[in-house]
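Student: only the shape, not the letters, is given here:
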């Protein structure tokens, strides 16, 4: 049966119709305009869902349900959004409101965006057919999604599996969550860029400065890799350190969840095996139990932004 | 129905008969003598089980099954022990062997010792009636057990929920697992004693030295608390730092599992509210989502060594 998957972000709402073979049949975007009351945003989501369905001559009764991925602290059990910074929402009874604008009987499920990305990759992406997956989204922040036995592992209450907000170097770099030294503060693109900027400033001869055209505010996550590939020492140090941070973080999550596979997503995955080969080598040496335990391979995710919509659609089959 | 719970350690095997009200009806100990082949140890376990049952005029057919808690990397799904350092075991098909010596039809379940302790506390101890529990055992090492929806959360493969082997200060103090800076290296009794020794050596005037009778090899986890209570500054610093480490670790596990309650066990829990009050205060400030999320209270476990046997017995009702 068809399902609707929605990627609900602070800027845009992406609504997709997903078929049984996990194909995105059609999609529509609408601006979130998150400064509006939540109820108006949700009314707009419903309109967009109906528009996507209408285009295919379908009605709400023709779909198995609507799944939504949303940044923030999500109460999946109750279909509520206790808190979303990106949307400016607090205690929004999301599922109830969306059902009001669609149909009372329409199944509505919501989960954290990184959880949905992990589920999408497990159903249709780099972990297709694999039941136990840990996904790290390496972007401005670090999101984490954990799939166990083919289902999103949420923990008990809203706000679980915040993999990015566990300690890497407690007391270290400030994190957006208010703590110091979280995984996010080191392995996000933001963390890499901060470290690359510092290294470029400390080494005026570094190629990284040229690649920034002399303006380190132009630093991005690709420049240290590019400079390293051209033999730049300062850049190699930055990349090496980053790969250490990432490997230690992944070893933590393997020691906790023992998945079949660990996936990484975000722009840094464009580095492909230049990233994952050294990460796999280091992770293997760090995991508890060593040779006597199963150590998941680390790979790049494959669905890109689509993972969220596909995963959200698959929330519908979660119970 | 009655169940047998077993605490299988490197030195002793404790076999208990547990009734439906979670009461330990009777128990027997036998030395592990772990230098023997695993099959001989398991044959002895079976003998002890039959002796415990015999005393109550019961047979294997009168019990719902046998549950076992064992230190090491346990494959709960398959009833196997891939690796146990304490026992010197590798790839032991535990459940199959125990069934051979008891009865083919006897249900046998095995899990990590800290998982069993957590399950015991959830069924009969400080978390009785609570379905979502994280337990940290603060001893020579740090064990971790996670109960979600009343069941042990094992992760996907053997060796999950090794809470003690996740980073606290990556690159820091050496950990028994070979990495540097794990939670275990800081919040175990061993970690506290190391830090207290260093502080006592650095401050010859500290009361901690007197309480050790001038021999810091006699340092234990109680001395820094005792010295602090008598106004010793160096000791207060050690305790304060320890409470910080513990609070940061607990915040990590709340951000991952979002339990109803976090329990601590081990000798350090004799400090009671002197430990848990400041921990609760700090944890509340560290968790992701702050006021918009549920933050579990931290309490001391109540069953002591009994938790393992009671929890092991409850593995039988896990599917």
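Tutor: It's in. Given the structure is predicted, the values throughout are model-derived calculations rather than measurements.
Student: nearest residue to residue A:3 in space, ignoring adjacent ones along the chain?
Tutor: Excluding its sequence neighbours, the residue lying closest to residue A:3 (C-beta to C-beta, 6 or more residues apart in numbering or on different chains) is residue A:313, at 4.0 Å. (C-beta placed from N, C-alpha, C; glycine too.)
Student: now swap in residue A:6 and tell me
Tutor: residue A:68 is the one closest to residue A:6 (C-beta to C-beta, 6+ apart), at 4.4 Å.
Student: now residue A:318
Tutor: Leaving out its chain neighbours, the residue that sits closest to residue A:318 by C-beta to C-beta, 6+ apart is residue A:151, at 5.6 Å.
Student: what segments of the stretch 51-200 of chain A are helices?
Tutor: Taking DSSP state H, counting those that start in this stretch as the criterion, the stretch 51-200 of chain A contains helices spanning A:94-101, A:113-124, A:183-187, A:189-202.
Student: got phi/psi on the residue nearest to residue A:3?
Tutor: phi -60, psi -30 (degrees, to the nearest 10).
Student: quick one: neighbours of it, just the number.
Tutor: When neighbours are defined as other C-beta atoms under 10 Å in any protein chain shown, residue A:313 has 33 of them.
Student: sorry, back to before: dump the helices of the stretch 51-200 of chain A to JSON lines, plus mean neighbour count, mean pLDDT and distance to residue A:290.
Tutor: Below are these laid out as JSON lines (neighbours: other C-beta atoms under 10 Å in any protein chain shown; pLDDT from 0 to 100; distance: least, C-beta to C-beta, whole Å):
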{"stretch": "helix A:94-101", "mean neighbour count": "19", "mean pLDDT": "98", "distance to residue A:290": "44"}
{"stretch": "helix A:113-124", "mean neighbour count": "30", "mean pLDDT": "98", "distance to residue A:290": "26"}
{"stretch": "helix A:183-187", "mean neighbour count": "28", "mean pLDDT": "98", "distance to residue A:290": "22"}
{"stretch": "helix A:189-202", "mean neighbour count": "20", "mean pLDDT": "98", "distance to residue A:290": "28"}
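Student: quick one: furthest residue from the center of chain A?
Tutor: residue A:205 (35.7 Å; C-alpha atoms, centre = their mean).
Student: for residue A:232, see how far away that residue is.
Tutor: Spatial separation of residue A:205 from residue A:232 under the definition C-beta to C-beta, to the nearest Å is 9 Å.
Student: and for residue A:242?
Tutor: Distance of residue A:242 to residue A:232, computed by C-beta to C-beta: 14 Å.
Student: off-centre distance for stretch A:169-185?
Tutor: Computed by C-alpha atoms, centre = their mean, to the nearest Å, the chain-centroid distance of stretch A:169-185 equals 19 Å.
Student: could you find the closest non-adjacent residue to the residue in the stretch 201-319 of chain A positioned nearest to chain B?
Tutor: Nearest residue of the stretch 201-319 of chain A to chain B (C-beta to the nearest C-beta) works out as residue A:292 at 3.5 Å. Excluding the flanking residues, the one nearest residue A:292 by C-beta to C-beta, 6+ apart is residue B:83, at 3.5 Å.
Student: who's in contact with that neighbour?
Tutor: A:289, A:292, A:293, B:72, B:73, B:89, B:90, B:91 (C-beta atoms under 8 Å, 6 or more residues apart in numbering or on different chains).
Student: at 7 Å instead, please
Tutor: A:289, A:292, A:293, B:72, B:73, B:89, B:90 (C-beta atoms under 7 Å, 6 or more residues apart in numbering or on different chains).
Student: now do residue A:141
Tutor: By C-beta under 7 Å, 6+ apart, the residues touching residue A:141 are A:164, A:176, A:184, A:188.
Student: the nearest residue to the first one once chain neighbours are set aside: how many residues sit nearby?
Tutor: Take residue A:164 and drop its neighbours on the chain: the residue closest to it by C-beta to C-beta, 6+ apart is residue A:142, 3.2 Å away. The burial metric for residue A:142, expressed as a neighbour count using other C-beta under 10 Å, is 29.
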